[in-house]
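J.: What follows is a predicted structure for the sequence shown.
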Amino acid sequence: MVVIPSCLFAFVLYLRASSASDDSWNAEIPKSVVGLSGSCVVIPCKFNYPSDRKSYYEFTGIWYTDKYDVIYHKETSKIISKFKGRTTLLGDLHHKNCTLKISSLNHSDGGSYMFRIEIKHFDKYSYKENKVSITVKDLPEQPTISVKEELMSQREVTATCIVSHYCLSDPPRLTWSHEGMLMSNSQPQDHGQWRLTSSLTFTPSREDHNKPLNCSAEFSNGNKMTSTKTLQVKYPPEIKNGSSCKSELLTICVCIVDSNPPSEVKWFGPSTAFTSSSIEQNGFLNIFTLQGWLGFHDAVNCSASNSEGNSVITIQVPHHGETLYSNILMFFQTMY
């Protein structure tokens, strides 16, 4: 998966963003965040402290549970055993950023947490009024597919698949059921969430009509979520093998047409136009039958056309009860 560099740059700015400018002990921390079991979760955090126009260089950031158990400290010996090796301070305290990452998330990590800052030669403060609640989920979000309602054969199109996740360093892997050119990027959302977008650029064909387009998101905890869109592809008519004429008491000609939308079919002799006697639908095929006395015509033309193009075939009219199949002449022209 390729992450666009501009998104990485946006993430750096996001982490280094300055906090509120008023001179008081305050923090910007979401009231709740959601994480996926087995993955990681990020708690966005910005803090402020009263300014006395002095510069301070030594900061200690501490994260606690609501029972004052330490889950992050630069002195790792102070961290309780269940969180050791699983917490990382992503933010830069010198830029008033206290963003925390918790890895290998499990259900026992659910609960409330708070941040405390200790500034050497100044003061210390616990932001008890800014507690954040972590919820741990077992099932991830379902991806969402977006593609044009109606596609045209041999016209390039781009489909997108979007899924939410909770940790930039541990994104899901998005895969498509159709081949094409891929591009992916992640964008930050509110409350520590991220949105991963995968774009698939491909050229649909007549074979893609009414076929499923799948996008699957595979997460680090082993869960796989799939969303599907059924493709609707418009394509020009193709007159199929098996189109033929036979003569017994009457001449019967059959023209088998595959197209979407359905084609209008006309029959022509050297100097005469004929009308189909019947039309039968078989899946995506339309079978046009011409039945009657065709005189002494040696051949008839079947012309099929729709909004995407047309196709013409010449079928020999047999004599003496023989059946002749159409293999003489075929024209195909796509109209745009």
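T.: Thanks, I have the structure now.
J.: First-to-last residue distance for stretch 129-145?
T.: Using C-alpha to C-alpha, to the nearest Å, the end-to-end distance of stretch 129-145 comes to 40 Å.
J.: Isn't residue 219 up against residue 35?
T.: No: under the criterion of C-beta atoms under 8 Å, residue 219 is not in contact with residue 35, lying 11.5 Å apart. For the C-beta atoms, the positions are set from N, CA and C on the backbone; glycine is no exception.
J.: Look at these two and report which has more neighbours.
T.: When residue 219 and residue 35 are compared for neighbours, residue 35 comes out ahead with 26 against 22, by other C-beta atoms under 10 Å.
J.: Just to be sure, that one is in a strand?
T.: Yes: counting by DSSP: H, G, I helix; E, B strand; the rest coil, residue 35 is part of a strand.
J.: Could you tell me the model confidence score at it?
T.: Each residue has a pLDDT score; the one for residue 35 is 93.
J.: what's next to stretch 109-125, contact-wise?
T.: The set of residues external to stretch 109-125 that reach it, using C-beta atoms under 8 Å, 6 or more residues apart in numbering, is 25, 27, 29, 35, 43, 45, 47, 49-50, 52, 54, 56-66, 71, 93, 98, 100, 102, 126-128, 130-136.
J.: Tell me which of those fall in helices.
T.: Using DSSP state H to define helices, no part of these is located there.
J.: In strands, which of these appear?
T.: Judged by DSSP state E, the contacts of stretch 109-125 include 27, 35, 43, 47, 59-65, 71, 100, 102, 126, 132-136 as members of strands.
J.: Tell me where the model's unsure across the stretch 151-300 of the chain.
T.: 295-296 (pLDDT under 70).
J.: now do 50
T.: Regions of the stretch 151-300 of the chain meeting the criterion pLDDT under 50 are absent.
J.: Going along the chain, name the helices of it.
T.: In the stretch 151-300 of the chain, no helices are defined using DSSP state H, counting those that start in this stretch.
J.: circling back to that earlier point, ok, of the contacts of stretch 109-125, which come out buried?
T.: Neighbour counting over those (16 or more other C-beta atoms under 10 Å) leaves 25, 27, 29, 35, 43, 45, 47, 49, 59, 61-65, 71, 93, 98, 100, 102, 127, 130-132, 134, 136 as the buried ones.
J.: Next one: residue 152 relative to residue 301, how far apart?
T.: 27 Å (C-beta to C-beta, to the nearest Å).
J.: same check, this time on residue 218
T.: Relative to residue 301, residue 218 is positioned 54 Å away (C-beta to C-beta).
J.: For the two, work out which one has more neighbours and name it.
T.: More crowded of residue 218 and residue 301, by other C-beta under 10 Å: residue 301, with 18 against 15.
J.: Give the helix, strand or coil label for the more buried one.
T.: Residue 301 - assigned by three-state DSSP - is strand.
J.: What are the neighbouring residues in contact with it?
T.: Contacts of residue 301 by C-beta under 8 Å, 6+ apart are 267-269, 312-315.
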